[in-house]
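Undergrad: Structure for the following, please:
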Amino acid sequence: MYKITTGIHIHFAHHIRGHAGPCVSIHGHTWKFEVSLTATELDAQGFVIDFDDLYEQVLTPCHRLLDHSLAMGEASFSENRQALTQLGGSIIEARREVLGHLGSPQDALPDLLGGARNESPGGIKISVFPFSPTSERLARWLYDVAQSRVGNERVRVACARVFETLHPVDAIAEYSPPGS
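TA: Residues are numbered from 1 along each chain as shown. The predicted structure follows:
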């Protein structure tokens, strides 16, 4: 069995709806998203899959969706859209004071990615998920995105890992399908 693993760092904040502790507040991390693929046979070039293809099809779209955004679930976003629009407008307007203009909008993903999408209330970047974005749910989401984009009869997604905290110690959520 051949196995490859690679990942990407992404800076974003999140909010955990209804959390009993401090994670109910908006807070950020430097995350690492990691995907492991396996195959019993290599392709004609000698790869499980070319790392560049894994980046292009899975990790780069994840980065584009999440980089410097606030990740939240659909329920929290829907309830707070108006307030986020007002807050976003105020935050983006501050660019005029510093830059003399409003600057360029942040890069965002124009399409859905595994049911998640970008919104831009008042000009700030929000990543909206169909669930409250805990590390565990994000790991399952990443697994499903990878499976839909690169998994096939030869290549299997072994697991997806989401590192929420890397320092001072790792805090990791991992998803592998049952029986793996």
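Undergrad: tell me which helix or strand of this structure sits lowest on mean pLDDT?
TA: The least trusted helix or strand in the chain, going by mean pLDDT, DSSP states H and E, turns out to be strand 171-175, with a mean of 91.
Undergrad: what's next to that one, contact-wise?
TA: By Cβ atoms under 8 Å, 6 or more residues apart in numbering, the residues outside strand 171-175 that reach it are 134-136, 138-140, 142-143, 159-165. Any C-beta I mention is one placed from the backbone N, CA and C, and that applies to glycine too.
Undergrad: Please list only the buried members of those.
TA: When neighbours are counted using 16 or more other Cβ atoms under 10 Å, those contain these buried positions: 134-135, 138-140, 142-143, 159-164.
Undergrad: quick one: which two of those residues are the most distant?
TA: Comparing every pair within those by Cβ to Cβ identifies T134 and C159 as the most remote, at 16.8 Å.
Undergrad: measure V24 to L66 for me?
TA: When distances are taken as Cβ to Cβ, to the nearest Å, V24 and L66 turn out to be 20 Å apart.
Undergrad: Could you pull out the buried residues of the biggest helix by length in the chain?
TA: Counting by DSSP state H, the longest helix found in the chain is helix 74-99. Of the residues in helix 74-99, those with enough neighbours to count as buried (16+ other Cβ under 10 Å) are E74, S76, F77, L84, T85, G88, I92.
Undergrad: Look at the closest residue to the third one other than its chain neighbours and say how many residues are nearby.
TA: What it means is F77. Distances taken as Cβ to Cβ, 6 or more residues apart in numbering put V128 closest to F77, at 4.8 Å, once the chain neighbours are dropped. Around V128 sit 23 other residues, with neighbours defined as other Cβ atoms under 10 Å.
Undergrad: V128 pairs with what?
TA: In this structure, V128 has the following beta-bridge partners (DSSP bridges): M72, R117.
Undergrad: quick one: it and W31, what's the gap?
TA: Look at V128 and W31: by Cβ to Cβ, they are 17 Å apart.
Undergrad: circling back: tell me the one of the contacts of strand 171-175 nearest H101?
TA: Minimum distance to H101 across the contacts of strand 171-175 is 34.9 Å, recorded for L138 (Cβ to Cβ).
Undergrad: residue contacts, V157?
TA: Applying Cβ under 8 Å, 6+ apart, we find V157 in contact with V35, S36, L37, Y143, A146, Q147, V150, G151.
Undergrad: Can you pull the phi and psi angles for it?
TA: phi -80, psi 110 (degrees, to the nearest 10).
Undergrad: before we move on, what about D52?
TA: Per degrees, to the nearest 10, the residue geometry at D52, taken as phi and psi, is phi -60, psi -40.
Undergrad: circling back to that earlier point, inside helices: which ones of the buried ones among the contacts of strand 171-175?
TA: The helices, defined by DSSP H, take in S135, L138, A139, R140, L142, Y143 from those.
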